[in-house]
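Participant: Here's my sequence, what's the structure:
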Amino acid sequence: MTLLDIQDLHKTFGRGADAIPAVRGVDLQLERGETLGLVGESGCGKTTLGRILVGLNVPTSGRVLFDGQDVVGRLNESQYRARVQMVFQHPQASLNPRFRVASTLSEPAKLLAANSDSEKISEAIAETLRLVGLGQEYLTRKPGQLSGGQQQRVAIARALMSAPDLIVLDEPTSSLDQSIRSRIISLLKDIQETKAVAYLFISHDLSTVRKIAHRVAVMYLGRIVEVSETNELFDDPKHPYTKALLSAVPSLDSNDRSERIILRGETPSPTELPVGCSFQDRCDLVHDRCRTQRPELAEVGPSHQVECFATQ
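Facilitator: Purely as a prediction, here's the structure:
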């Protein structure tokens, strides 16, 4: 069942000649209990989209249907915010350095879950700490007394305190070393299995995305250019940009001799986007139609959509 349905979403920063279109007509769906990976180069609009969903940015236009209800204009209402939470890239920056873990976890329960029963809040905190693999001894500690992995576990626990249906995870493992990163991914999978929570997993780390995502959406200059089930996307990418991204993923297979695809040209300035396909100046498959018309996402197989004339 569809939990989130984003329709023709736009977000522009600034006005006039200096206006920067960060999100340009995004259409995207997320099912209950599903993990959707959102990947692309830095500056493509991934984080802006995530911040819109949690009410930190206001969309310029478009619709965000959550559980069938259009929530644009209501993104900051406590009832919505309780159901959609966010975990940020740098936990040390998102946790109040003066708050002990007990205070960090009790605040969302009081503010968003409308729960003033101290005994029930304490029970919820204990259960959530157990869920993220931390003992009761951490309740009295401040962020500065925790490792990076422990800080991220507290950040995840804080997001869980309002019993959300969706958590936006913005590069949640990129600041962690490899061993801690694997533990956090396993933790997120266990939480999803227990709580049936959906994740929007924003990352540039395609290897990590492959481990956790059920489906993957590829973003380029504010638009979704390809969406597919994870294994199919990695095994048979269709969009030239997706192929280039995946060619940069290191392989442990000694028999894998696929060559790195180096894109020609530069990413266009968001203030001077070309007419037609935004990828035209970097694409080896470009033809006249690409320079005059913008392609739309189209089905190229079961649950596989691509925004490219060459694949349609």
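Participant: so where's the stretch 51-200 of the chain uncertain?
Facilitator: 113-116 (pLDDT under 70).
Participant: need the strands for it, in chain order.
Facilitator: 61-66, 69-70, 84-87, 166-170, 198-202 (DSSP state E, counting those that start in this stretch).
Participant: Could I get the ones you listed in JSON lines, plus columns for mean neighbour count?
Facilitator: C-beta: built from backbone N, CA, C; applies to glycine. Below are the strands of the stretch 51-200 of the chain laid out as JSON lines (neighbours: other CB atoms under 10 Å):
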{"stretch": "strand 61-66", "mean neighbour count": "17"}
{"stretch": "strand 69-70", "mean neighbour count": "11"}
{"stretch": "strand 84-87", "mean neighbour count": "24"}
{"stretch": "strand 166-170", "mean neighbour count": "24"}
{"stretch": "strand 198-202", "mean neighbour count": "25"}
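Participant: In TSV: the ones you listed, plus distance to residue 247.
Facilitator: What follows is these, written out as TSV (distance: least, CB to CB, whole Å):
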stretch	distance to residue 247
strand 61-66	32
strand 69-70	39
strand 84-87	29
strand 166-170	25
strand 198-202	21
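Participant: which residues touch the spatially most central residue of the chain?
Facilitator: Closest to where the C-alpha atoms of the chain average out (CA atoms, centre = their mean) is residue 202, at 2.8 Å. Counting by CB atoms under 8 Å, 6 or more residues apart in numbering, residue 202 touches 38, 46-47, 49-50, 168-171.
Participant: Residue 211 too?
Facilitator: Counting by CB under 8 Å, 6+ apart, the residues that residue 211 touches are residue 185.
Participant: part of a strand, is it?
Facilitator: No: counting by DSSP: H, G, I helix; E, B strand; the rest coil, residue 211 is located in no strand; its state is helix.
Participant: could you list every residue that touches the residue lying closest to residue 56 once chain neighbours are set aside?
Facilitator: Leaving aside its sequence neighbours, residue 56 sits nearest to residue 86 (CB to CB, 6 or more residues apart in numbering; 7.8 Å). Residue 86 makes contact with 50-51, 54, 56, 159, 167-170 under the criterion CB under 8 Å, 6+ apart.
Participant: burial of residue 150, as a residue count?
Facilitator: Residue 150 has 19 neighbours, counted by other CB atoms under 10 Å.
Participant: my read: it touches residue 135, true?
Facilitator: No: counting by CB atoms under 8 Å, residue 150 stays clear of residue 135, with 10.7 Å between them.
Participant: which stretches of this structure form helices?
Facilitator: Applying DSSP state H to the chain gives helices spanning 46-53, 78-83, 91-94, 101-111, 118-131, 148-160, 178-195, 206-212, 230-235, 240-247.
Participant: Pull up the per-residue confidence for the closest residue in space to residue 259 that isn't next to it in sequence.
Facilitator: Excluding the flanking residues, the one nearest residue 259 by CB to CB, 6+ apart is residue 247, at 7.0 Å. Residue 247 is assigned 90 on the pLDDT scale.
Participant: hang on, residue 247 packs against residue 240?
Facilitator: No: under the criterion of CB under 8 Å, residue 247 makes no contact with residue 240, lying 10.6 Å away.
Participant: Comparing the two, which residue is more hemmed in?
Facilitator: residue 240 (22 against 15).
Participant: Grab the nearest non-local neighbour of that one.
Facilitator: Nearest to residue 240 is residue 283, by CB to CB, 6+ apart, at 5.0 Å.
Participant: okay, now the one you found: neighbour count?
Facilitator: What residue 283 shows, counting by other CB under 10 Å, is a neighbour count of 20.
Participant: so what's it up against?
Facilitator: Neighbouring residues of residue 283 by CB under 8 Å, 6+ apart: 240-241, 277, 290.
Participant: Quick check: it vs residue 38, distance?
Facilitator: Residue 283 sits 22 Å away from residue 38, going by CB to CB, to the nearest Å.
Participant: re the thing from before, please render the helices of the chain as CSV that adds distance to residue 295 to the earlier fields.
Facilitator: Shown next, in CSV, are the helices of the chain (distance: least, CB to CB, whole Å):
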stretch, distance to residue 295
helix 46-53, 20
helix 78-83, 33
helix 91-94, 37
helix 101-111, 42
helix 118-131, 43
helix 148-160, 36
helix 178-195, 33
helix 206-212, 23
helix 230-235, 18
helix 240-247, 12
